[in-house]
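K.L.:
My questions concern the predicted model and sequence given below.
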Amino acid sequence: MGLFSFFTKEKKEDLDKGLEKTKEGFLGRIARAVAGKSKIDEEVLDNLEEALVSSDVGLNTTIKIIKRIEERAARDKYVSTAEMNQLIREEIENLLAENKNTDTENFETPPGQKPYVMMVVGVNGAGKTTTIGKLAHQFKNNGKKVMLGAADTFRAAAVDQLEVWAKRSDVEMIRGQENADPASVAFQAVERGVSSGADVVIIDTAGRLHNRVDLMNELTKIKRVMQKVIPDAPHEVLLVLDGSTGQNAIEQAKHFTAATQVTALAITKLDGTAKGGVVLGISDQFHIPVKYIGVGEAIDKLQVFNKKLFVESLFKS
């Protein structure tokens, strides 16, 4: 077995283990919804709706999925539970595909963008700094030179935490003085990334939501200052959300997508929750691709989100 096959198998095992709690509740509810049925009728649809909402998929996304299943059931006849499960699985995968979720497996950056600049946003406690550290580790393992910028300057603990991750990942980090202008730190990090030949520059930002106007102004300033070095920076604005908070993660996404143009999502802490269905709701409601998921605490347990593997794992009995 080749190296690539080994890591693919290992990744699937990590994903299966990380989604265990979600899968138990999700599959159990769906099994009860279709138990003893030989066709999809109104009772099955009502039961499915309750199962999906209870799995934190969210009401709007659930209604969309149920409508699609109803339309397909009107055209086709399904005579077994297995076929019904396959139908539900296909519609969930289709939904993820519509929101630009990919089947990528590796930590790659687009060609021609060097350094690739990522600005990471999210509330304190969502796992933002930890996600940045894990990203640095994964990119470096994939042969990339990584630079970190500690622009969450209002919390000394956040800067210190990022520095710990930088050392663990063996990557360079730019930090300023406590309460320094976050934009100036971001500028220095991008400038250093260019001069040192970095492939990826990841900028941490303050995780505040109490005043969205201030947040928006700060993020806009960071973007503007980085563009003095690289005109199209940042190439990605990554919003980190705590998957274990379920529907609260959707509320956080509303605030941050209003404050800045989020282009990708990272959903953390899926291994400790039964609320992994929120991945479907967040992706669908905001039409933003889920790019990374956290399925464990270890440094290598951040994965590139692969919609096919995710749905496969979700339906694996």
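P.N.:
Structure received.
K.L.:
and Lys275, what is it in contact with?
P.N.:
Contacts here follow C-beta atoms under 8 Å, 6 or more residues apart in numbering; on that basis Lys275 touches Thr22, Ser55, Asp56, Gly243, Ser244, Thr245, Gly246. C-betas here are computed from N, CA, C, even on glycine.
K.L.:
Compare those residues and tell me which is most surrounded.
P.N.:
Highest neighbour count within those: Gly243, with 29 neighbours (other C-beta atoms under 10 Å).
K.L.:
That one against Ala249, yeah?
P.N.:
Yes: checked against C-beta atoms under 8 Å, the pair Gly243 and Ala249 is within contact range at 6.4 Å.
K.L.:
Identify the contacts common to those two.
P.N.:
Taking C-beta under 8 Å, 6+ apart as the criterion, Gly243 and Ala249 both touch Ile267, Val278.
K.L.:
follow-up on the earlier one: with secondary structure and distance to Asp204 as extra columns, can I get the contacts of Lys275 in TSV?
P.N.:
As requested, the contacts of Lys275 are arranged in TSV below (DSSP: H, G, I helix; E, B strand; the rest coil; distance: C-beta to C-beta, whole Å):
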residue	secondary structure	distance to Asp204
Thr22	helix	28
Ser55	coil	32
Asp56	coil	28
Gly243	helix	20
Ser244	helix	21
Thr245	helix	20
Gly246	coil	25
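K.L.:
tell me which of those residues is nearest to Ala35?
P.N.:
Nearest to Ala35 among these, counting by C-beta to C-beta, is Ser55 at 16.8 Å.
K.L.:
Could you report the pLDDT at Leu95?
P.N.:
Model confidence at Leu95, expressed as pLDDT, equals 89.
K.L.:
Check which helix or strand it maps to.
P.N.:
Counting by DSSP states H and E, the element that carries Leu95 is helix 81-98.
K.L.:
do the same with Arg29
P.N.:
Secondary structure here is read from DSSP H and E; on that basis Arg29 sits in helix 20-34.
K.L.:
So which residues make contact with that helix?
P.N.:
Under the criterion C-beta under 8 Å, 6+ apart, residues 16, 40, 44, 47-48, 50-52, 54-55, 81, 84-85, 88, 270-277, 313-317 lie in contact with helix 20-34.
K.L.:
Report the next helix or strand after the helix or strand containing Ser195 in sequence order.
P.N.:
Secondary structure from DSSP H and E places Ser195 in helix 182-196. Per DSSP H and E, the first helix or strand lying C-terminal to helix 182-196 is strand 200-204.
K.L.:
Find the residue ranges of this protein scoring beneath the pLDDT cut-off.
P.N.:
Regions of the chain meeting the criterion pLDDT under 70 cover residues 1-7, 77-81, 105, 209-212.
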